[in-house]
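Undergrad: What follows is a predicted protein model with its sequence.
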Amino acid sequence: MNKTTKTILYATLGLGGAVGFYFLTKAIVKGVQKRNEEKAQAKLKESLDNETGNSEIEEEQAQQYNPASDLKTFEDKVLGANFLYYPKEINSLINSKTNAELRILNTAFKNKHKESLWSALDDEADGCGSFFGSGFSNCYEAPMNRLSSLGLR
């Protein structure tokens with residue numbers, strides 16, 4: 001083989017390897033995202049199943065809840081012109097609150113911004129897909145589903 005043929009062969013192999021690596025990485029990331037979403041959905045379903053007996057206790061505990069810190073966190077992550085998305089932070093914020101606390105947080109947000117938490121998440125420019133992939137999928141689907149199930153649209 002002459003030098004030109006070897007160079008073309010190595011370039012083709014390198015390019016093929018890079019393309020293969022890209023698709024392998026994309027498949028792994030999708031699998032991890034799917035597993036994380038399934039875990040979040042299972043946790044949400046479990047919390048909704050346990051909700052019926054705990055609503056009175058939650059209401060009493062929510063009376064002591066001060067939403068100021070969580071409101072600031074939500075505003076920092078969601079409001080404004082964001083080029084980044086924060087699904088882990090928003091998921092943990094929404095999932096860590098009881099239903100009564102979410103209602104209080106939503107009321108505080110509505111009083112300050114004249115829209116619900118759900119609307120703010122819906123208005124976010126979602127770009128959580130891969131850079132070369134779909135790009136415009138809903139980054140906050142799980143928290144939006146929880147807020148919607150509580151009637152906080």
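TA: On my side now, so go ahead.

Undergrad: From residue 138, how far out is residue 145?
TA: 10 Å (CB to CB, to the nearest Å). Where you see a C-beta, it was placed from the backbone N, CA and C, and this is true even at glycine.

Undergrad: can you list residues touching both of those two?
TA: Shared contacts of residue 145 and residue 138 (CB atoms under 8 Å, 6 or more residues apart in numbering): none.

Undergrad: okay, which residue is most central for the protein?
TA: A centroid search over the chain (CA atoms, centre = their mean) returns residue 87, at 2.8 Å, as the residue closest to the centre.

Undergrad: from what I can see that residue touches residue 138, true?
TA: No - using CB atoms under 8 Å, residue 87 is not in contact with residue 138, being 9.6 Å away.

Undergrad: Tell me the helix or strand right after the longest helix along the chain.
TA: The helix that spans the most residues within the chain, counting by DSSP state H, is helix 3-62. Of the helices and strands lying after helix 3-62 in sequence (DSSP states H and E), the nearest is helix 68-78.

Undergrad: Buried ones in that following helix, by neighbour count?
TA: Using 16 or more other CB atoms under 10 Å as the test for burial, helix 68-78 gives 70-71, 74, 77-78.

Undergrad: and that helix, what's its mean pLDDT?
TA: For helix 68-78, mean pLDDT is 88.

Undergrad: packing partners for it?
TA: With contacts taken as 3 or more CB pairs under 8 Å, 6 or more residues apart in numbering; DSSP states H and E, helix 68-78 sits against helix 87-95, helix 99-113, helix 117-123.

Undergrad: what angle separates the longest one from helix 68-78?
TA: Just to be clear, that refers to helix 99-113. In terms of direction (axes from the mean of the first three to the mean of the last three CA atoms, to 10 degrees), helix 99-113 departs from helix 68-78 by 60 degrees.

Undergrad: Please write out the alpha-carbon positions of helix 99-113 in CSV.
TA: In CSV, the C-alpha atoms belonging to helix 99-113 read as follows (Å, rounded to 0.1, in the frame of the first residue of the first chain):
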residue,chain,number,x,y,z
ASN,A,99,-48.3,18.0,48.8
ALA,A,100,-49.3,20.6,51.4
GLU,A,101,-45.9,22.2,51.2
LEU,A,102,-46.1,22.3,47.4
ARG,A,103,-49.4,24.1,47.6
ILE,A,104,-47.9,26.7,49.9
LEU,A,105,-44.9,27.1,47.6
ASN,A,106,-47.1,27.4,44.5
THR,A,107,-49.3,30.0,46.3
ALA,A,108,-46.2,32.0,47.3
PHE,A,109,-44.8,31.8,43.7
LYS,A,110,-48.2,32.9,42.3
ASN,A,111,-48.4,35.8,44.6
LYS,A,112,-45.0,37.0,43.6
HIS,A,113,-45.0,36.2,39.8
